[in-house]
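**Q** Okay, predicted coordinates and the sequence, questions at the end:
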Amino acid sequence: MKNIFDQAVVTELENRINQLKSTTNPSWGKMNVAQMLAHCNVTYELVYDNKHPKATGFKKWMLKTFIKNTVVNDKAYSRNSRTAPVFIIASEKDFEFEKNRLLAYLHQTAALGRNHFDGKESNSFGALNHDEWNNMFYKHLDHHLSQFGV
């Protein structure tokens, strides 16, 4: 798994994101490119913005027990995988706005660095180590950039 805290990887991801156009079509799935960018932004909203409620009680236990390993391990997601309701983007989105937001989140994450994330609490999974944060960030973004051919 590539390291999202490494500047060379951030540059590579930035270049891939910048290859997208508002008309880029997916190889699979239902989202258009602007919706995909908004979908990818949710991962960062959960970290940086107080926009989504934390999972608690039984829901948090379910997420930690049955979902966490799939999200934070180093195995790629399969095509057309199920997604959590908070990640479903059904409305139309502004391509440039979502792209710029994603790039800003990517740079913010890299600037904070891996040590910032070591032991940091996830809204859904509890405390994660820096490798788990890296895997979650990188593989989700890589999955969707690959979906759109970049």
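**A** Done, it's in.

**Q** C-alpha only now, for contacts and for neighbours.
**A** OK.

**Q** hang on, residue 25 packs against residue 146?
**A** No. Counting by CA atoms under 8 Å, residue 146 is not a contact partner of residue 25; they are 11.2 Å apart.

**Q** Name the residues contacting each of these two.
**A** Common neighbours of residue 25 and residue 146, using CA atoms under 8 Å, 6 or more residues apart in numbering, do not exist here.

**Q** what about residue 39, neighbour count?
**A** Counted with other CA atoms under 10 Å, residues neighbouring residue 39 total 23.

**Q** Am I right that residue 107 is in contact with residue 8?
**A** No. With contact defined as CA under 8 Å, residue 107 does not reach residue 8; the gap is 11.7 Å.

**Q** what about these two, which has more around it?
**A** Counted by other CA under 10 Å, residue 107 and residue 8 do not tie: residue 107 has more neighbours, with 18 against 12.

**Q** need the contact list for the nearest residue to residue 68 once chain neighbours are set aside.
**A** Excluding the flanking residues, the one nearest residue 68 by CA to CA, 6 or more residues apart in numbering is residue 125, at 6.1 Å. By CA under 8 Å, 6+ apart, residue 125 lies in contact with 60, 63-64, 68.

**Q** How about residue 67?
**A** Contacts of residue 67 (CA under 8 Å, 6+ apart): none.

**Q** Quick check, pLDDT for it.
**A** Looking at residue 67, its pLDDT stands at 94.
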